[in-house]
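1. turn this into a model:
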Amino acid sequence: MTTPTYRDPNRPVDERVEDLLSRMTLEEKAGQLFHTMLAMGPDGTLAEEGAFLRYGTTELATERRLTHFNLIGQGTAREMATWVNRVQELAAGTRLGIPLTLSTDPRHAFTDNPGASFLAGDFSAWPEPLGLAAIGDAELVERFADTVRREYLAVGFRVALHPQIDLATEPRWSRQSGTFGSSAAVTSELVAAYIRGLQGPRLGPSSVAAMVKHFPGGGPQKDGEDPHFPHGKEQVYPGGMRDYHLEPFKAAIAAGCSQMMPYYGQPVGTDWEEVGFGFNKDVLTGLLRERLGFEGIVCTDWGLLNDAEIFGEPAEARAWGVEHLSVAERAAKALDAGTDQFGGEQCPEVIVELVRSGRVTEDRIDDSVRRLLREKFVLGLFENPYVDVDRAEETVGAGEFTALGAAAQRRSLTVLTNDSLLPLTGRPDVYVQGVSAETAAAYGNVVADPAEADVAVLRLRTPFEPRTGAFESFFHAGSLAFPEDELKEILRLLDTVPTLVCVNLERPAVLPEIAERAAALVADFGASDSALLDVAFGRARAEGRLPFELPRSMAAVAAARPDVPDDTQDPVFPYGHGLAV
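-> You can find the predicted model right below:
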């Protein structure tokens, strides 16, 4: 029996793509246009029901013919690798045996907000991208991304749904922790390093493909609200800085990024059509394809077509500007705009009906399927979709990677003020709040009463306004100022004992009173208690510089232009501030 051309690794990739494409039914082609979420069952088993699963794993892969999946949730490295092998075996049993492309959201940040990124779990734990930007070392970012690549490859993830290269120009926006801050120049330099680390010199069997997001730059959101939700759908440019937000994406394209994810935002007051970017032909074809020359895959952000349920609550489709269209009409508009793939959706029957009704040509579907199949061949998935479970367990969280992440956490800490408190010496009597007493006991004598302490260590988070929705509660938005009652308690402690205050900056915090009265003020962007205390006691060196400014008041934030970097009047600390200790 003759081996099909698409199975022959000695054939040119484009020949293999065309041979496979010629063998596919319309239904099989339609399945390629969806990149949806999959959960993992206990011990790496296949999940056939559960949260986020409209259909079970078997039905999605065999009957609905999807071959691109985003693993949600967590497990051990062994469980993930076991699961990958099982779903790839399932795919191998289909008519054409097309291997699965498996992706993940970021998993390497030291964080306790799973709405921003997964907890690191077995993976090495690094600071958030804001922390990497605070260090500002492109070589370190490339080494970080190479570590991500090696750990992802070990468990079978071949697409990273990152880096996120939006610019943090609206201080209230809830997605800033995943960015490299407000500087287009810094972000451009770091994203190029990030892509080199993930993909290598060129995309190949040892690469993890980078899905860069969110084109053409989220961040300038009206009132700082997020377009995951109807009240945050508008994206505005009152400062005329639209091209500024494009600079990092130009750098990503020049670096060879494989995929691009447009954001949900609906541009208002520009010459672009006022529809979400996933439906926006001006943006995806006119700008991304024609002006910027991007030739890779365009995958929408999750949930543009269908209303859904998230955490048991109804979630409206993010079809901003086209809410009045049917699901099929939305899909047709997105395809016409230049979309190749629909994130978080699983309705290939809609594509089949669009073609059979004549509203979309099969040639148009073929254009996108070619791009999607080509990446599978280039990544070597047809030759080896499986992973070594034992090697996965050895590689993920290996000592080398863990040490690199821990060192980066320490380097990223940013000293904002120091009234001769740091470095601490000896074994002082220490009062701690927001810090593990067990961890602190290795550095000093932990006391229960601040009045009995030589020094206090207080860890805080950037304030936010809690939202009522189960999903929206993970999006820390609204005011950046500490509530009056909480601020009074903080200042009371600062007046009682010399206090080192550490604020986790997932967004810029408004903290002029704290900055004035703390004996030392440090910003962190994802760092352990031991990282903070190592710096406090002079055992490690903090190297961070602020990746955005810290505003003086919420009035200054409200008066600033959301598309303009570092635009608040008289900030407490400017962009790039940081002290050597």
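2. ok, residue 535 touching residue 522?
-> Yes - applying C-beta atoms under 8 Å, one finds residue 535 in contact with residue 522, separated by 7.3 Å. Bear in mind the C-beta positions are built from the backbone N, C-alpha and C, glycine included.
3. what residues are shared contacts of the two?
-> 413, 415, 542 (C-beta atoms under 8 Å, 6 or more residues apart in numbering).
4. what's across from residue 234 in the sheet?
-> residue 266 (DSSP bridges).
5. what sits against residue 375?
-> If you count contacts by C-beta under 8 Å, 6+ apart, then residue 375 has 101, 203, 209, 258-259, 297 around it.
6. give me the secondary structure label for it.
-> Residue 375 carries the three-state label helix when classified by DSSP: H, G, I helix; E, B strand; the rest coil.
7. ok, so what distance separates it from residue 340?
-> As judged by C-beta to C-beta, to the nearest Å, residue 375 and residue 340 stand 10 Å apart.
8. now for those two: what residues contact both?
-> residue 297.
9. got the domain boundaries for this structure?
-> 18-395, 413-559 (automatic domain parsing).
10. and the contacts of residue 375, which two are furthest apart?
-> 101 and 203 (12.5 Å; C-beta to C-beta).
11. anything in contact with each of those two?
-> 375, 379.
12. thinking again about what came up before, nearest to residue 217, of the shared contacts of residue 535 and residue 522?
-> Nearest member of those to residue 217, counting by C-beta to C-beta, is residue 413, at 28.0 Å.
13. tally of neighbours for that closest one?
-> By other C-beta atoms under 10 Å, 28 other residues sit near residue 413.
14. roughly how far does the nearest residue to it once chain neighbours are set aside sit from residue 177?
-> Residue nearest to residue 413 in three dimensions, not counting chain neighbours: residue 542, with 4.0 Å by C-beta to C-beta, 6 or more residues apart in numbering. Relative to residue 177, residue 542 is positioned 19 Å away (C-beta to C-beta).
15. what's the answer for residue 225, then?
-> 16 Å.
16. what pairs with the one helix or strand residue 261 maps to, parallel or antiparallel?
-> Secondary structure assignment for residue 261, by DSSP states H and E: strand 259-262. When sheet partners are counted by DSSP bridges, strand 259-262 sits next to strand 209-215 (parallel), strand 297-298 (parallel).
17. restricted to strands, list the shared contacts of residue 535 and residue 522.
-> Using DSSP state E, residue 415 are the members of those that sit in strands.
18. looking at the shared contacts of residue 535 and residue 522, which is nearest residue 405?
-> residue 413 (13.8 Å).
19. and the helix or strand hosting residue 556, which residues are buried?
-> Element membership for residue 556, per DSSP H and E: helix 554-559. By neighbour count on 16 or more other C-beta atoms under 10 Å, the buried set for helix 554-559 is 554, 556-557.
20. now stretch 25-37
-> 28-37.
21. for the stretch 101-250 of the chain, give me the ranges with low pLDDT.
-> 112-119 (pLDDT under 70).
22. what about 80?
-> 111-120 (pLDDT under 80).
23. and the helices in it?
-> 129-135, 138-155, 184-199, 242-254 (DSSP state H, counting those that start in this stretch).
24. CSV please, covering the ones you listed and showing mean neighbour count and distance to residue 420.
-> CSV is the format used below for these (neighbours: other C-beta atoms under 10 Å; distance: least, C-beta to C-beta, whole Å):
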stretch, mean neighbour count, distance to residue 420
helix 129-135, 28, 23
helix 138-155, 21, 30
helix 184-199, 23, 31
helix 242-254, 20, 39
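25. which one of those lies closest to residue 569?
-> Nearest of those (C-beta to C-beta): helix 242-254, 19.8 Å.
26. what angle separates the closest one from strand 209-215?
-> Orientation note: helix 242-254 sits at an angle of 170 degrees relative to strand 209-215 (axes from the mean of the first three to the mean of the last three C-alpha atoms, to 10 degrees).
27. what does helix 242-254 contact?
-> With C-beta under 8 Å, 6+ apart as the criterion, helix 242-254 contacts 163, 165-167, 169, 180, 184-185, 187-189, 191-192, 195, 210, 212, 215-217, 219-220, 260, 270, 287, 292-294, 563, 565.
28. before we move on, the earlier item: which of the buried residues of helix 554-559 lies closest to residue 61?
-> Nearest to residue 61 among those, with distances taken as C-beta to C-beta, is residue 557, at 47.1 Å.
29. hang on, that closest one packs against residue 172?
-> Yes - counting by C-beta under 8 Å, residue 172 is a contact partner of residue 557 at 6.4 Å.
30. anything in contact with each of those two?
-> Joint contacts of residue 557 and residue 172 (C-beta under 8 Å, 6+ apart) are 224, 480.
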